[in-house]
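1. fold the following for me, if possible:
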Amino acid sequence: MRKFFTALIVIPLFLTLVVFAVANRHLVTVSFDPFNATDPALAISLPLFALIIMVAIIGVVAGGSAVWFGQRRWRRAARRHEADARAAKAHLEALRAQAQAQAQPMAMRGAAPRLSAPLQGRLYGASGRDKHGATL
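-> Down below sits the predicted model:
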């Protein structure tokens with residue numbers, strides 16, 4: 001399905017670009033000399049479609065670079081938070097291992113778990129039964 005939508009966008013875009021290139025084949029002189037318009041020191045003659053496509057590519061690269069540099073603060077914060085999360089996970093694993101090591105000797109000694117004292121001479125609650133009505 002994704003390939004279909006990609007083709008739905010790319011094929012018309014490509015056809016539009018080809019039609020634009022065929023319609024704008026004439027040569028254009030681009031001058032990079034602002035002081036001498038009649039005989040420029042640096043000038044390039046190329047088809048109009050090539051010039052427009054190159055300018056569009058340069059614009060996309062410049063815009064992408066500006067966004068990338070503008071978001072460096074967020075990337076840095078994400079790296080810092082990821083490192084904090086990794087450290088917290090490592091600390092949690094160490095605490096779990098420590099708790100397991102402390103609980104293991106108690107189980108080896110055969111110590112029975114302590115139960116709470118019965119309420120007023122009854123086993124569990126006022127009726128001595130669990131929530132399903134079974135006697136405990």
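
2. could you pull out the helices in the chain for me?
-> Assigned by DSSP state H, the helices in the chain fall at 2-23, 48-70, 72-109.

3. pLDDT value on Ser127, please?
-> Per-residue pLDDT puts Ser127 at 60.

4. one step back: kindly reformat the helices of the chain as TSV containing mean pLDDT and mean neighbour count.
-> For the C-beta atoms, the positions are set from N, CA and C on the backbone; glycine is no exception. Shown next, in TSV, are the helices of the chain (pLDDT from 0 to 100; neighbours: other C-beta atoms under 10 Å):
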stretch	mean pLDDT	mean neighbour count
helix 2-23	88	10
helix 48-70	93	12
helix 72-109	89	10
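
5. just the CA trace of stretch 3-13, in PDB.
-> Listed next in PDB are the C-alpha coordinates belonging to stretch 3-13 (Å, rounded to 0.1, in the frame of the first residue of the first chain):
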ATOM      1  CA  LYS A   3       4.500   1.700  -2.600                       C
ATOM      2  CA  PHE A   4       1.200   2.600  -4.200                       C
ATOM      3  CA  PHE A   5       1.000   6.000  -2.500                       C
ATOM      4  CA  THR A   6       4.600   6.700  -3.200                       C
ATOM      5  CA  ALA A   7       4.000   5.900  -6.900                       C
ATOM      6  CA  LEU A   8       0.900   8.100  -6.800                       C
ATOM      7  CA  ILE A   9       3.000  11.100  -5.800                       C
ATOM      8  CA  VAL A  10       6.300  10.300  -7.600                       C
ATOM      9  CA  ILE A  11       5.000   9.500 -11.100                       C
ATOM     10  CA  PRO A  12       3.000  12.800 -11.500                       C
ATOM     11  CA  LEU A  13       5.900  14.800 -10.000                       C
END
